[in-house]
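> structure here, sequence nowhere to be found:
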């Protein structure tokens with residue numbers, strides 16, 4: 001099993017990425033969820049990623065947008081970041097976190113991956129977004145995805161979100 005440092009994971013999240021396979025214009029409804037996705041690579045071509053987007057058909061606040069890293073050595077894919085709407089209680093039990101049913105961000109942590117746990121079980125609540133559209137805007141900026149304005153209305157809206165928002 002390959003080991004990762006938190007610096008490795010943070011570098012993968014923050015490296016500049018370009019879209020190699022764009023998202024569909026409209027999300028497809030499948031098994032009660034609207035779905036979409038896209039493929040990315042680091043600007044220098046070294047790393048490969050994919051993005052998945054899901055929204056519940058009946059409860060639109062229940063959504064997720066995730067960034068997956070695809071290691072070239074063929075080891076298991078790693079979910080690096082996942083932005084979620086409220087969908088039920090979550091607690092970071094071993095970190096003493098509180099239960100929450102709020103908008104939240106799951107982040108890959110080296111201490112989870114290196115002991116064989118799910119990469120993104122750690123989560124923190126956020127006020128960076130309040131719906132799927134805002135979550136997408138936050139996500140493309142947080143994950144440093146270039147060219148997203150071709151597929152998402154990010155250029156004119158990001159400035160509105162930037163006021164008073166910290167993307168770290």
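Sure thing, it's come through. Because the structure is predicted, anything quoted here is derived from the model rather than measured.

> chain center to the longest helix along the chain, what's the gap?
Looking across the chain with DSSP state H, the single longest helix is helix 132-142. Distance of helix 132-142 from its chain centroid, counting by CA atoms, centre = their mean, to the nearest Å, is 9 Å.

> for stretch 22-41, same thing?
Worked out by CA atoms, centre = their mean, stretch 22-41 lies 14 Å from the chain centre.

> for that stretch, what is the average pLDDT?
Mean per-residue pLDDT for stretch 22-41: 92.

> contacts for it, please.
17-21, 47-58, 67, 145, 150-151 (CB atoms under 8 Å, 6 or more residues apart in numbering). Every C-beta, even on glycine, is put in place using the N, C-alpha and C of the backbone.

> just give me the neighbour total for the closest residue in space to residue 143 that isn't next to it in sequence.
Nearest residue to residue 143, sequence neighbours excluded (CB to CB, 6 or more residues apart in numbering): residue 67, at 5.2 Å. By the measure other CB atoms under 10 Å, the count of residues near residue 67 is 24.

> what's near enough to touch residue 67?
Residues counted as contacts of residue 67 (CB under 8 Å, 6+ apart) are 13, 40, 49, 50, 51, 79, 80, 81, 82, 139, 143.

> now do residue 135
By CB under 8 Å, 6+ apart, residue 135 lies in contact with 63, 65, 83, 85, 103, 128, 129.

> show me what contacts the last one?
Pointing back at residue 129 there. 83, 103, 135, 137, 138, 161 are the contacts of residue 129 under CB under 8 Å, 6+ apart.

> okay if I get the residues you listed as TSV plus pLDDT and distance to residue 121?
As requested, the contacts of residue 129 are exported to TSV (pLDDT from 0 to 100; distance: CB to CB, whole Å):
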residue	pLDDT	distance to residue 121
83	95	15
103	90	17
135	92	19
137	90	25
138	93	21
161	44	27
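
> residue 139 is in contact with residue 81, isn't it?
Yes - in this structure, residue 139 is within contact of residue 81 by CB atoms under 8 Å, at 7.3 Å.

> how distant is stretch 66-84 from the center of its chain?
Centre-to-centre, stretch 66-84 and its host chain are 10 Å apart (CA atoms, centre = their mean).

> if we go by neighbour counts, what in it is buried?
66, 67, 68, 69, 70, 78, 79, 80, 81, 82, 83, 84 (16 or more other CB atoms under 10 Å).

> next up, the contacts around the residue lying closest to the first one once chain neighbours are set aside.
In this case it means residue 66. Excluding its sequence neighbours, the residue lying closest to residue 66 (CB to CB, 6+ apart) is residue 82, at 4.2 Å. Listed by CB under 8 Å, 6+ apart, the contact set of residue 82 reads 64, 65, 66, 67, 105, 106, 120.
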